[in-house]
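Peer 1: below are the sequence and a predicted model for it; my questions follow.
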Amino acid sequence: MGRIRSADTGPEKTVRRLLRGAGFRYRLQVRSLPGRPDIVLPGRRALIFVHGCFWHGHSCPAFRPPSSRRKFWSEKIRRNRERDALAESRLRDTGWRVALVWECALRGPGHLKGSRLEERLVGWLLGSEKRLEIKGKPRSPQRPPAKDSVTAAPNRPPRPKPAPRRLIGARPPVPRAGGRTRAPSPPPSRTAKVPPPPTGGRWLATGRWRPGCPARPAGCRRRTPR
């Protein structure tokens, strides 16, 4: 917990960048005001708090209660919320305008675009409203996945099955008695066996052609070396 910053966080820097780009000048972390506001605009008599959803107990999808030491964390978050409410009431009693910007509006799945966030902040600063609260978009309920394509799209006709491919040159199946069909015969071979030339080799007993060994004429005996 010692590494967690109470000032100069990422969401605070995002809000400062938007205000600086819009031409506003501000002060940071004024200790003399109740609650120590993150951004103070004295000329507009306006204050901006940038709250983290976990530390200030915001009821949004970004807030997830810890699984360990639940009693300690629930008590700590409750005290933070009470302190925030007391500081806001004191500031409004003294004539300050208060704006709350939650972390879920700056990051996460329901965050707002920079142009939309800048438009709301600038419109509030230039207007006369006493209070502003900016939070992220609520999550839309997810529909359960359909079990099959028929229930998902009842008006859509089923896709026909593709016809089986037929080999070129294959014979069609022959029907038999009883509705059965005989398997088609394989297609005839297109490449016939070309006999080798009469010279330059001979046929072996295994049926293979052996090149480079001419056949001996009939009645000719092989000479054996002496």
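Peer 2: Yep, that arrived.

Peer 1: quick one: contacts of the longest helix anywhere in the chain?
Peer 2: Criterion DSSP state H: the longest helix present in the chain is helix 70-93. Here helix 70-93 makes contact (CB atoms under 8 Å, 6 or more residues apart in numbering) with 33-35, 37, 47, 49, 51, 54-57, 65-66, 98, 130-131. C-beta here means a position set from N, CA and C on the backbone, and glycine is covered the same way.

Peer 1: got a quick ChimeraX command for the buried subset of those residues?
Peer 2: Those of the contacts of helix 70-93 that count as buried under 16 or more other CB atoms under 10 Å are selected in ChimeraX with:
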select :33,34,35,37,47,49,51,54,55,56,57,98
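
Peer 1: tell me the one among the contacts of helix 70-93 nearest to R27.
Peer 2: P37 (8.9 Å; CB to CB).

Peer 1: what about R69, how many neighbours?
Peer 2: Per other CB atoms under 10 Å, the neighbour tally for R69 reads 10.

Peer 1: cool, and the one 3 residues further on?
Peer 2: F72: 10 surrounding residues under other CB under 10 Å.

Peer 1: okay, the residue lying closest to R36 once chain neighbours are set aside: pLDDT?
Peer 2: Closest residue to R36 apart from its sequence neighbours, by CB to CB, 6 or more residues apart in numbering: Q29 at 5.9 Å. pLDDT recorded at Q29 is 86.

Peer 1: and R182, by the same measure?
Peer 2: pLDDT recorded at R182 is 60.
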